[in-house]
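Student: I would like the atomic coordinates for the input below:
(one chain, ligands or ions: 1)
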Amino acid sequence: MGARKIELKSPADLDRMRRAGRLAATALRAVGRAVAPGVTTKELDRLAEKLIRDGGGIPTFLGYRGFTASICASINDEVVHGIPTVKRVLRPGDIVGIDIGATLGGFVGDTAATFPVGPISDEAQRLLKTTQESLNQGIAAMRVGNRLGDVSCAIQKTAEEQGYSVVRDFVGHGIGREMHEEPSVPNYGSAGTGVRLEPGLVLALEPMVNAGTWRVQLLKDGWTVVTEDGRWSAHFEHTVALTENGPEVLTVPDEERSGVH
Ligand code: MG
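Tutor: Predicted structure coming up:
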């Protein structure tokens, strides 16, 4: 893995990545609004696929290593990579992580968020808030001259300070023409270590934060990752470019574009 090269993006590449990111984010926002008790994860998948295609894009996940849907939908103790089906019905009090990838103009946007299904417990609320904050702190650490370990460390520290753990077996990643590029971005690490961050670097930062142990298991479907102890997990992800001026989140929905750098 380390032998492969990190590909820095040109300003023209970044323009395309903004469009791909916007499409993925706009679809995620709409899917989030559709999350409600009684809705199946397949319905959410269909909605996402339609929005991505209507926007001129291709659902990146569909067909990826044989994956059969356009989103991953991971409920409660499911960490990531849940497969949407007509059998999974959202229930009040659940949390559902939705991960969406959109390819547009030859580049990929990758973004995820975990949504409450109706009112949720205070504990679940705190898990979502902390995971989102972990992502925000990771983004803030994406500064020219910082190292990759600074980003990983910021994510880990934010989660662990709240008594949570970060998943080790799945990591964030470089992103561009391919969904998964170099470098890998673990959600744990030491500040001051790893490659130096340069303008043009684009990363998908995606903390997966568990209420209990960081250990996970793969279900027999070959995709769904669950926590080993059955406690809940949350996942938030943005595609983020590093510019001379600092980090720029590329997965921003249409409605939030005004005033965005
Ligand atoms: Mg990703």
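
Student: next one: the lengthiest helix in the chain to chain centre, how far?
Tutor: Looking across the chain with DSSP state H, the single longest helix is helix 11-34. Taking the mean of its C-alpha atoms, helix 11-34 sits 12 Å from the chain's own mean (Cα atoms, centre = their mean, to the nearest Å).

Student: Please pull up the helix or strand immediately following that helix.
Tutor: Later in the chain than helix 11-34, the nearest helix or strand by DSSP states H and E is helix 41-54.

Student: What helices and strands are in contact with the longest helix of the chain?
Tutor: helix 41-54, strand 95-104, strand 107-116, strand 238-243 (3 or more Cβ pairs under 8 Å, 6 or more residues apart in numbering; DSSP states H and E). Quick note: C-beta positions are derived from backbone N, CA and C, even for glycine.

Student: ok, which residues in the protein are in contact with the ion?
Tutor: 110, 204 (Cβ under 5 Å from the ion).

Student: residue ranges of the helices in the stretch 51-200 of the chain, please?
Tutor: 122-140, 148-161 (DSSP state H, counting those that start in this stretch).

Student: coming back round to it: dump the helices and strands packed on helix 11-34 into TSV; add mean neighbour count and mean pLDDT as well.
Tutor: TSV is the format used below for these (neighbours: other Cβ atoms under 10 Å; pLDDT from 0 to 100):
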stretch	mean neighbour count	mean pLDDT
helix 41-54	20	98
strand 95-104	26	98
strand 107-116	26	98
strand 238-243	24	98
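
Student: so which of these comes closest to Asp15?
Tutor: The closest of the helices and strands packed on helix 11-34 to Asp15 is strand 107-116. By Cβ to Cβ, the value is 9.5 Å.

Student: From Pro199, how far off is Ala154?
Tutor: Ala154 sits 19 Å away from Pro199 when distances are taken as Cβ to Cβ, to the nearest Å.

Student: So these two - more neighbours on which side?
Tutor: Using other Cβ atoms under 10 Å as the criterion, Ala154 and Pro199 rank with Ala154 on top: 25 against 15.

Student: close enough to count as contact, the more buried one and Leu135?
Tutor: No. Counting by Cβ atoms under 8 Å, Ala154 does not reach Leu135; the two are 9.7 Å apart.
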